[in-house]
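**Student:** Sequence plus predicted model, see below.
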Amino acid sequence: MPITLRFEARIPTQDLARARRWYAEKLGLEPAEERPGGLRYESDSGVFCLYASAGKSDGSFTQMGFYVDDVEAAVAELRARGVVFEEYDGCVGGIMDIEGNYPSKGRGERAAWFRDSEGNMLGIAEIVP
């Protein structure tokens, strides 16, 4: 019998209370559930959990991404909330045009990256049809 796999991202935190405040203040997200050492966030399109950890990501790669309808508007709103975006060669205003994508996700993306309170790299992207 084949196994059924369901996906959930896990994001490490060194200070769970600090991370909870950051995700609430900067992204407007509140956990759907909590347990000692963990917070679970849920939406129609996915689930991720923040968990207390002695380890941490070095922040050199995207750990989790969010799709938005309008990346320019999302970047402006997040900047107004104090989110600092990464600047890479090819970025214009913190947004990069990326050619190529999975066939179900259009022909490209417009994307931007930022770090959470724990140094985890997160991304937002708008699909280019």
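**Tutor:** Yes, it's here.

**Student:** what helices or strands is the longest helix anywhere in the chain leaning on?
**Tutor:** For the chain, the longest helix by residue count, based on DSSP state H, is helix 16-27. In terms of contacts (3 or more Cβ pairs under 8 Å, 6 or more residues apart in numbering; DSSP states H and E), helix 16-27 is packed against strand 38-43, strand 46-52. All C-beta atoms are positioned from the backbone trio N, CA, C, and that covers glycine.

**Student:** which one of these lies closest to residue 98?
**Tutor:** strand 46-52 (20.5 Å; Cβ to Cβ).

**Student:** So what angle separates the directions of that closest one and helix 16-27?
**Tutor:** Angle of strand 46-52 versus helix 16-27, following axes from the mean of the first three to the mean of the last three Cα atoms, to 10 degrees, is 140 degrees.

**Student:** helices and strands around strand 46-52, which ones?
**Tutor:** Applying 3+ Cβ pairs under 8 Å, 6+ apart, we find strand 46-52 packed against strand 9-13, helix 16-27, strand 38-43.

**Student:** With mean pLDDT, distance to residue 71 and mean neighbour count as new columns, can those be given to me in a markdown table?
**Tutor:** As requested, those are arranged in a markdown table below (pLDDT from 0 to 100; distance: least, Cβ to Cβ, whole Å; neighbours: other Cβ atoms under 10 Å):
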| stretch | mean pLDDT | distance to residue 71 | mean neighbour count |
| --- | --- | --- | --- |
| strand 9-13 | 96 | 20 | 18 |
| helix 16-27 | 98 | 15 | 16 |
| strand 38-43 | 96 | 18 | 16 |
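
**Student:** just for this structure, where's the confidence low?
**Tutor:** Regions of the chain meeting the criterion pLDDT under 70 are absent.

**Student:** And the strands in it?
**Tutor:** Along the chain, counting by DSSP state E, strands occupy 9-13, 33-35, 38-43, 46-52, 62-67, 96-99, 108-115, 121-128.

**Student:** Ok, which of these comes nearest residue 86?
**Tutor:** Nearest to residue 86, of the strands of the chain and by Cβ to Cβ, is strand 108-115 at 4.4 Å.

**Student:** outside of that closest one, which residues touch it?
**Tutor:** The contact list for strand 108-115 (Cβ atoms under 8 Å, 6 or more residues apart in numbering) reads 59, 62, 65, 71-72, 74-75, 78, 83-86, 88, 91, 94-101, 121-128.
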